[in-house]
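> Mind looking at a prediction? Sequence and model below.
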Amino acid sequence: MQTEDIIDLLKQKANPAYLAGMLRFGVDNSHALGVKLPDLRKLAKTIKKDHALAQELWDSGIHEARIMASLIDDPDLVTGEQIDSWTKDFYSWDLCDQVCGNLFDRTPFAIDKAIAFSAREEEYVKRAGFVLMAEYAIHNKKAPNGSFIPFFAIMEREAWDNRNFVKKAVNWALRQIGKRNDFLRLEAIATSRRMLLQNHKSAKWIGNNALAELLNKQ
């Protein structure tokens, strides 16, 4: 299947009402067609993994084509440079989350990029750092506890950032890592409690929200 064929199929599945509704969820729809995610995933299952095709879809600039690219790309062929390039193009939280969770967290670069992006200023690049932490915790079942320990200090360090898409990603990462096992839950609880001591509204929100879930699991 060629890039043009996929884009034509996406246009056929476009839903004007869904396109308009994307704005209610804080999604920038200026580059979108209005295709629902389940339809994207269903179509992606009919396409073999294709690294070159994924890059062409990404280069189209179409919102849904870029999500499709993350679904069909081969993580074994993804380079660190590609991750940097695609992340630089993020302009909405859903594109960030889908690409990180469908593709980037499955590459050998996931941990290094999570750490690097978490210190960046750009909102969606920084969000990507913490989304990678959360998605890595979800999908890499065999990852050792040691892989996640460095993330706690980073989450604590960046808890001051009150931007909505950043603080929610920090909170997500903290909760998701804490849910892996008892050891990491205790580390997440301790981190959350230290956040409550910070003189930042966002840090207190992250800490309280995480504790509400993590303490409930004890």
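Yes, it's here.
> Lys88 and Leu19, how far apart?
25 Å (C-beta to C-beta, to the nearest Å). The way it works is simple: take the backbone N, C-alpha and C, and place the C-beta from them, glycine included.
> Mind checking which of those two has more residues around it?
Neighbour totals were compared for Lys88 and Leu19, and Leu19 leads with 16 against 12 (other C-beta atoms under 10 Å).
> ok, that one touching Lys36?
No: applying C-beta atoms under 8 Å as the test, Leu19 and Lys36 come out as separate, 10.2 Å apart.
> ok, and for stretch 30-48, which residues are buried?
Using 16 or more other C-beta atoms under 10 Å as the test for burial, stretch 30-48 gives Ala32, Leu33, Gly34, Val35, Asp39, Leu40, Leu43, Ala44, Ile47.
> actually stretch 157-166, not the one I typed
For stretch 157-166, by 16+ other C-beta under 10 Å, it's Glu158, Ala159, Trp160, Asp161, Phe165, Val166.
> Kindly tell me how buried Cys113 is, as a neighbour count.
Let me fix one detail, which is that residue 113 is Lys and not Cys. 22.
> right, and it touches Gln82 too?
No: look at Lys113 against Gln82 with C-beta under 8 Å: they stay out of range, at 10.8 Å.
> Just the pLDDT at Lys217, thanks.
Lys217 carries a pLDDT value of 61.
> same question, Thr3
94.
> What helix or strand is the spatially closest residue to it that is not a sequence neighbour located in?
The shortest distance from Thr3 to any non-neighbouring residue, by C-beta to C-beta, 6 or more residues apart in numbering, is to Glu56 (4.3 Å). Element membership for Glu56, per DSSP states H and E: helix 51-59.
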